[in-house]
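Visitor: Sharing a model prediction with you, sequence too.
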Amino acid sequence: GQNIDQPTEMTATEGAIVQINCTYQTSGFNGLFWYQQHAGEAPTFLSYNVLDGLEEKGRFSSFLSRSKGYSYLLLKELQMKDSASYLCAVRDGDYKLSFGAGTTVTVRA
Amino acid sequence: IAGITQAPTSQILAAGRRMTLRCTQDMRHNAMYWYRQDLGLGLRLIHYSNTAGTTGKGEVPDGYSVSRANTDDFPLTLASAVPSQTSVYFCASSVSGTDEQFFGPGTRLTVL
């Protein structure tokens, strides 16, 4: 099986920056995904990393280090609407996706 | 239909009953998936299908079965529901097994 760890909860202030870390141990690696999930809704795709380095997409950036089994999602200029759960997911050697338990981010005014 | 839909939205079911959760996508995606989401455990893969006519087992397949008779539909059946199957069930699809997955709105199932 897969082992994917991320913090349970994080709180930050509107306008600030928050970094959500994800560490993983998998049998084979074929990419890492970040999804956003608002309460009571479906997960929606945020980012994908398969090579080491930083991928930037507007206010969101995702970083991957395959040798360290580590990724982070960086949320900049936080807005109230960013309050949600953020799911780290790793695609293994069989191309199946395994999810971490998710990090609930609360943005305070 | 636009995207991926699931039915019913929610259901309360007596233990021992048979139940089929429906999932339909109109994006002509080849791959489809069923997950369950439980508090503190995240999303766990139940079954998947890489293309019409084929299915595979995920992490937690026991007590569930699927079929993929065509590209659009991927129903999930609980043959004899048990309380531990109380969960939120998400269906997802992707162009292929290597692409990002798009999720349906979910079905909240309670087994009493």
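Guide: Cool, the structure landed. Numbers count the residues shown, from 1 in each chain, chains lettered A, B, ... in the order given.
Visitor: got a list of contacts for stretch B:6-17?
Guide: Stretch B:6-17 is contacted by residues B:19, B:21-24, B:78, B:80-83, B:89-91, B:104-112 when judged by C-beta atoms under 8 Å, 6 or more residues apart in numbering or on different chains. Placement of C-beta: from N, CA and C, glycine included.
Visitor: How about stretch B:72-87?
Guide: In contact with stretch B:72-87 (C-beta under 8 Å, 6+ apart) are residues B:13-26, B:32, B:34, B:36-38, B:46-47, B:49, B:63-68, B:89, B:91, B:93, B:109-112.
Visitor: Would you mind listing which of these are buried?
Guide: For the contacts of stretch B:72-87, a neighbour count by 16 or more other C-beta atoms under 10 Å in any protein chain shown gives the buried set as B:13, B:19, B:21, B:23-25, B:32, B:34, B:36-37, B:46-47, B:49, B:64, B:66, B:68, B:89, B:91, B:93, B:109, B:111.
Visitor: now the strands for the chain?
Guide: This is for chain A. A:3-5, A:9-13, A:18-25, A:32-37, A:44-49, A:53-57, A:60-65, A:70-75, A:84-91, A:97-99, A:103-108 (DSSP state E).
Visitor: I was thinking of chain B, sorry if that wasn't clear
Guide: B:4-7, B:10-13, B:19-25, B:31-38, B:42-49, B:56-57, B:64-66, B:76-78, B:87-94, B:102-103, B:107-111.
Visitor: Show me which residues of chain B sit near chain A.
Guide: Contact residues, chain B versus chain A (C-beta under 8 Å from any C-beta of the partner chain): B:33, B:35, B:40-45, B:48, B:58-59, B:90, B:97-98, B:100-106.
Visitor: Weed out the non-buried ones from these.
Guide: B:33, B:35, B:42-45, B:48, B:58-59, B:90, B:97, B:100-104, B:106.
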